[in-house]
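1. With the input below, show me the fold.
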Amino acid sequence: MAETPANVLPALRALDDLRHDIKTRIGKEGGNLNQKVLRSLDVIEATLHQLEPLGNMLKVVNQQSELAVRAYRDMSRYALPSSRDTNGDDGNSTTKGE
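-> Residues are numbered from 1 along each chain as shown. Presented below is the predicted three-dimensional model:
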C-alpha cells in the first residue's frame, strides 16, 4: 500500500487515540455502545485511507481531460473548412447569365 499522506496522519492518530480510550472502557461503561463507536471509527479510518487513491485518480482524470482539450484544439486548428465549401461552387461562374 502507498504511504499515507501527511495531511491525513493527524486524523488517523486522533482515531487511534479514541479507539484506545474506548477499548479501555469496554466492559466498564456499556460495551455495546463502545462496540458501535469502534465500528464507526473503523469506517472513518477506512475512508481516510481512501483519500490518497482518490486524489491520484482525480489527477489522472485531470490529465486525461487536458489531453482531450489539447487534441480537440489541435483538430479544430487543422480541420478543413467543410461547412463553407459547397462542392467547389464559390459563386463565381464564367458562364453566369449565359
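2. For the rest of this, base every contact and every neighbour count on C-alpha atoms.
-> Fine.
3. can you list contacts of the helix or strand containing Ser40?
-> Secondary structure assigned from DSSP states H and E places Ser40 in helix 31-49. The contact list for helix 31-49 (Cα atoms under 8 Å, 6 or more residues apart in numbering) reads Thr4, Val8, Leu12, Leu15, Arg19, Ile22, Lys23, Arg25, Ile26.
4. Stretch 11-18 too?
-> For stretch 11-18, contacts defined as Cα under 8 Å, 6+ apart pick out Leu41, Glu45, Leu48.
5. so where is this protein shaky, pLDDT-wise?
-> Applying pLDDT under 70 to the chain picks out residues 1-5, 27-31, 80-98.
6. Please report how far the most centrally placed residue in the chain lies from Gln64.
-> In the chain, the centroid-proximal residue (Cα atoms, centre = their mean) is Leu58; its distance is 2.9 Å. Going from Leu58 to Gln64 by Cα to Cα, to the nearest Å gives 10 Å.
7. hang on, the earlier thing: which element follows the helix holding Ser40 toward the C-terminus?
-> helix 51-78.
8. What about His49, how many residues nearby?
-> 19 (other Cα atoms under 10 Å).
9. what do you get for Gln50?
-> When neighbours are defined as other Cα under 10 Å, Gln50 has 11 of them.
10. start at 5 instead
-> Let's use 5 as the start, then, which means that last one is Gln54.
11. In the helix or strand harbouring His24, which residues are buried?
-> Here His24, judged by DSSP H and E, is contained in helix 13-29. Buried residues in helix 13-29, defined by neighbour count with 16 or more other Cα atoms under 10 Å: Leu16, Leu19, Arg23, Ile26.
12. could these go into TSV alongside distance to Asn36?
-> Output for the buried residues of helix 13-29, formatted as TSV (distance: Cα to Cα, whole Å):
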residue	distance to Asn36
Leu16	23
Leu19	19
Arg23	14
Ile26	11
